[in-house]
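Visitor: sequence and predicted structure, then a few things I'm wondering about:
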Amino acid sequence: MPIEIAPGVFTLIEPGGHIWCNVAWVVFRDHTLVLDAGSLSEGQTYLPIIQATADKPIRFVLNTHHHGDHSYGNEFWTNHGATVMGNARIVGEFERDEPWRLNHFPVIEPAALWKAEVAATHIQPPRLLLSSPTVFDDGTQRVELLHLGAAHTAADTLAWLPKQRILVTGDVVVNGPYNVMWDAHVLSWIDVLAKAEALGARLIVPGHGAPGPGSIVGDQRAYFVALRDAVKAIVVRGGGAREVRASLGSIEESLLADPRIQHWVVPVKFPIPELLTLSGQLGCFYTELTGKAYAAADSLEYSQARALAGLCCGALKVLA
Ligand SMILES: [Zn+2]
């Protein structure tokens, strides 16, 4: 069910599984602006739900970034009359990663349904490329589409509603242990979070996880700073990737001991590719801080990264 978070502003929160993303929409006088396209099946599911909230054509759909859970529905929205938009740099992100990722996406159960969805999905980058800021304002609603620097990807767009002080962040902010850093610029991401925090949002609609108060932006930033500083402390002592990995347990312990940031910590024993875990996140900081590879060529995370290749975590880019 959609939640009306302010008059004419709605959100649908992903039902779980973290394959779909959160979607929001803003009803203007004569059209509806949808914030994130979602996957194909997400678009198909959400279109009638959005239409039921407002009898206005869906004229614009934003890709907050190029990841498939935010963009594989682009063609669907175009076929239903919308123009898909994204930051000008998003085209380069699509060119680097697609359609390889679509064709190598890990199978999601039920497999038959997922295979059919992949077969029906055609990569379509946004056709309307935005410089930042781009403002939609019809006197009733105002939405500012902002690129605050490289963060979760090189081409993130956040949607800021200054009247309601609502910030729709895409994956620049997530509410929980869902930070994916495959394509991230993690040091710059810290600065971007500071800029986002300075907007003074009352409500955050994150890319994944529940909506939360404005404070979650600063809390996620504190988590990233803790990751950076944990890696820095090892590097300053002359340690390398091996030492970072050996410190995983103690780093996790100190992160979990901080009530402000524990919510973002990926459990070390979580059964997902290491690329997506705390180790992978630390690796992204390690690589940006040192310029060195984090994953050894014979390591588990390296083979997982090869299997997921093109998901290109920052920590693995130097191995290419
Ligand atoms: Zn993403």
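Guide: Structure received. Numbering: from 1, shown residues only.
Visitor: where does the stretch 1-150 of the chain get nearest to the ion, which residue?
Guide: Closest contact between the stretch 1-150 of the chain and the ion, by C-beta to the ion, is at residue 67 (3.5 Å). (C-beta placed from N, C-alpha, C; glycine too.)
Visitor: excluding its backbone neighbours, what's nearest the residue in the stretch 151-300 of the chain that the ion sits nearest to?
Guide: Nearest to the ion in the stretch 151-300 of the chain, going by C-beta to the ion, is residue 171, at a distance of 3.7 Å. Closest residue in space to residue 171, ignoring its immediate chain neighbours: residue 207 at 3.6 Å, by C-beta to C-beta, 6 or more residues apart in numbering.
Visitor: could you check the pLDDT of the one you found?
Guide: In this model, residue 207 is scored at 93, pLDDT.
Visitor: check contacts around it.
Guide: The neighbours of residue 207, taking C-beta atoms under 8 Å, 6 or more residues apart in numbering as the test, are 21-22, 36, 64, 70, 152, 169-174, 178.
Visitor: from those residues, which land in helices?
Guide: Taking DSSP state H, the ones among these that sit in helices are residue 70.
Visitor: ok, the contacts of residue 207 vs residue 130, which is closest?
Guide: When the contacts of residue 207 are ranked by distance to residue 130 (C-beta to C-beta), residue 64 comes first, at 11.4 Å.
Visitor: next one: phi and psi at the residue nearest to residue 171?
Guide: Backbone torsions of residue 207, given as degrees, to the nearest 10, read phi -70, psi -40.
Visitor: okay, now the residue of the stretch 1-150 of the chain closest to the ion: neighbour count?
Guide: Using other C-beta atoms under 10 Å, the number of residues around residue 67 comes to 24.
Visitor: and residue 246, by the same measure?
Guide: Neighbours of residue 246 (other C-beta under 10 Å): 12.
Visitor: how about stretch 195-215: buried residues?
Guide: Buried residues in stretch 195-215, counted by 16 or more other C-beta atoms under 10 Å: 196-197, 199, 201, 203-209, 211-212, 214.
Visitor: secondary structure and distance to the ion for those - can I get that in JSON lines?
Guide: Listed next are the buried residues of stretch 195-215 as JSON lines, based on DSSP: H, G, I helix; E, B strand; the rest coil; distance: C-beta to the ion, whole Å:
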{"residue": "196", "secondary structure": "helix", "distance to the ion": "16"}
{"residue": "197", "secondary structure": "helix", "distance to the ion": "20"}
{"residue": "199", "secondary structure": "coil", "distance to the ion": "20"}
{"residue": "201", "secondary structure": "coil", "distance to the ion": "20"}
{"residue": "203", "secondary structure": "strand", "distance to the ion": "21"}
{"residue": "204", "secondary structure": "strand", "distance to the ion": "16"}
{"residue": "205", "secondary structure": "strand", "distance to the ion": "15"}
{"residue": "206", "secondary structure": "strand", "distance to the ion": "11"}
{"residue": "207", "secondary structure": "coil", "distance to the ion": "6"}
{"residue": "208", "secondary structure": "coil", "distance to the ion": "8"}
{"residue": "209", "secondary structure": "coil", "distance to the ion": "13"}
{"residue": "211", "secondary structure": "coil", "distance to the ion": "17"}
{"residue": "212", "secondary structure": "strand", "distance to the ion": "18"}
{"residue": "214", "secondary structure": "coil", "distance to the ion": "21"}
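Visitor: any stretches of the stretch 201-320 of the chain with poor pLDDT?
Guide: Counting by pLDDT under 70, the ranges of the stretch 201-320 of the chain that qualify are 268-275, 296-320.
Visitor: now do the strands in it.
Guide: Counting by DSSP state E, counting those that start in this stretch, the stretch 201-320 of the chain forms strands over residues 203-206, 212-213, given from the N-terminal end onward.
Visitor: that older thread, I figured the residue of the stretch 1-150 of the chain closest to the ion hits residue 171, correct?
Guide: Yes - at 6.9 Å, residue 67 counts as touching residue 171 under the criterion of C-beta atoms under 8 Å.
Visitor: spell out which residues are contacts of both of these two.
Guide: Contact criterion C-beta under 8 Å, 6+ apart; residues bridging residue 67 and residue 171 by contacting each: 153, 180.
Visitor: get me the contact residues on the stretch 101-250 of the chain for the ion.
Guide: Taking C-beta under 5 Å from the ion as the criterion, the neighbours of the ion within the stretch 101-250 of the chain are residue 171.
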